[in-house]
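**Student:** Sequence first, predicted model second:
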Amino acid sequence: MPPVTCNFASVLYDRMVPLAMGEVQPAGLSVNFIYEHQPREIFDRMIANREFDASELSASEFITRYVSGDRSFVAIPAFPSRAFRHRYICINTHKVKEPQDLNGKRIGVQLYTMTAGVWIRGLLQHEYGVDLSTIEWIEGKMDGPGSHGKPSSLPPLAPVKITQNTNPTKSLSDLLEAGEIDAVIGARLPECLGKSRAPHIRRLFQDFKEVEMDYYKRTGIFPIMHLVAFRREYYEANQFVASALFNALHQSKELARKRMESSNADRYMLPWLPEQVDEIREVFGGDCWPYGVDPNKKTLETLVQFLYEQNMITKMVSIEELFAPVRIIG
């Protein structure tokens with residue numbers, strides 16, 4: 001039988017390059033790799049219009065839809081995007097000096113329901129005792145006026161103080177610099193950070209690397225941002241695709257990781273890459289970017305807990321329930 005075509009959309013991360021270039025060939029699948037520079041564009045097209053057979057997808061948006069009873073998508077435990085988020089909290093130092101000062105403040109976020117926001121709020125609540133109920137959240141683009149994409153996210157299940165940035169000329173970065181909001185969180189840094197004109201804007205955790213390493217060593221959590229999901233109709237018609245694509249994504253990621261660790265020639269514009277690779281090995285004790293349910297169970301359970309505590313899902317669900325079964329090869 002001819003291979004089944006799979007239109008698969010993702011940002012072209014290093015771990016996706018071997019798959020996108022055809023170096024990795026999924027068994028029984030012919031992958032048409034569609035890449036965008038911004039994951040939000042992929043999420044919006046997949047959720048609103050079902051434009052792809054499979055795609056990178058926001059972990060929080062998938063989980064909230066699944067728990068709400070929307071089973072339009074079927075996920076596999078491959079995680080294209082992960083990021084520690086302490087470094088993405090920026091403050092106006094005239095208003096905020098330490099985490100507890102965020103209580104009662106106005107904080108910008110690209111999208112309240114975005115996974116980065118969920119993780120940061122959870123960190124602030126559990127690690128630093130911030131009372132999330134006292135905060136007003138201002139939604140909008142970090143780098144321009146208007147909204148962050150065209151999301152179809154489900155709203156919180158309980159009242160939350162969320163205000164849209166309706167300023168026709170100012171971004172969240174502009175509002176932060178002008179003192180109209182007190183801090184920003186999210187998936188990117190404000191443009192005003194590090195500018196000589198805005199010395200009052202800095203990261204909440206200036207030693208973010210040490211803070212993030214300590215967090216991982218204490219908790220074992222390297223926050224997951226995105227997973228991979230199929231349109232349910234496509235999956236139901238070709239259930240083998242879950243294992244086929246999972247194994248291909250895993251193989252692609254492993255090739256990228258081994259090449260990064262190779263000492264033959266640096267593949268990235270990072271002058272001290274070998275030293276950084278050694279440090280990653282020391283901290284993580286192996287693969288820092290594992291796929292599959294078992295090695296990521298605590299991280300995923302924490303994300304589900306944060307979603308529940310932040311009134312984005314009505315109940316806790318088991319991690320195994322969220323993912324299609326996959327047969328791991330090799």
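**Tutor:** Structure received.
**Student:** List the buried residues for stretch 131-138?
**Tutor:** 132, 135, 137, 138 (16 or more other CB atoms under 10 Å). C-beta coordinates here come from the backbone N, C-alpha and C atoms, glycine included.
**Student:** Nearest residue to the last one in space, ignoring adjacent ones along the chain?
**Tutor:** What sits nearest to residue 138 in space, not counting adjacent residues and going by CB to CB, 6 or more residues apart in numbering, is residue 108, at 4.7 Å.
**Student:** Just list whatever residues bridge to that neighbour.
**Tutor:** When bridges are called by DSSP bridges, residue 108 pairs up with residue 138, residue 184.
**Student:** if I pick it, what's in contact with it?
**Tutor:** By CB atoms under 8 Å, 6 or more residues apart in numbering, residue 108 lies in contact with 137-140, 142, 165, 172, 175-176, 181, 183-186.
**Student:** do residue 178 as well
**Tutor:** residue 170.
**Student:** if we go to 10 Å?
**Tutor:** 92, 167, 170, 192, 198 (CB atoms under 10 Å, 6 or more residues apart in numbering).
**Student:** Hmm, residue 168 is touching residue 146, no?
**Tutor:** Yes: the pair residue 168 and residue 146 qualifies as a contact (CB atoms under 10 Å) at a distance of 8.5 Å.
**Student:** Of those two, which one has the most company?
**Tutor:** residue 146 (13 against 7; other CB atoms under 10 Å).
**Student:** Which secondary structure state is assigned to the more buried one?
**Tutor:** coil (DSSP: H, G, I helix; E, B strand; the rest coil).
**Student:** That one: what's it in contact with?
**Tutor:** Taking CB under 10 Å, 6+ apart, one finds 140, 164, 165, 166, 167, 168, 171 in contact with residue 146.
**Student:** Nearest residue to residue 235 in space, please, no chain neighbours.
**Tutor:** Nearest to residue 235 is residue 74, by CB to CB, 6+ apart, at 4.3 Å.
**Student:** Please identify which helix or strand holds that neighbour.
**Tutor:** Using DSSP states H and E, the element containing residue 74 is strand 73-82.
**Student:** any idea how far residue 261 lies from residue 74?
**Tutor:** 33 Å (CB to CB, to the nearest Å).
**Student:** So which of the two has more stuff around it?
**Tutor:** For residue 261 versus residue 74, neighbours defined as other CB under 10 Å are more numerous around residue 74 (23 against 14).
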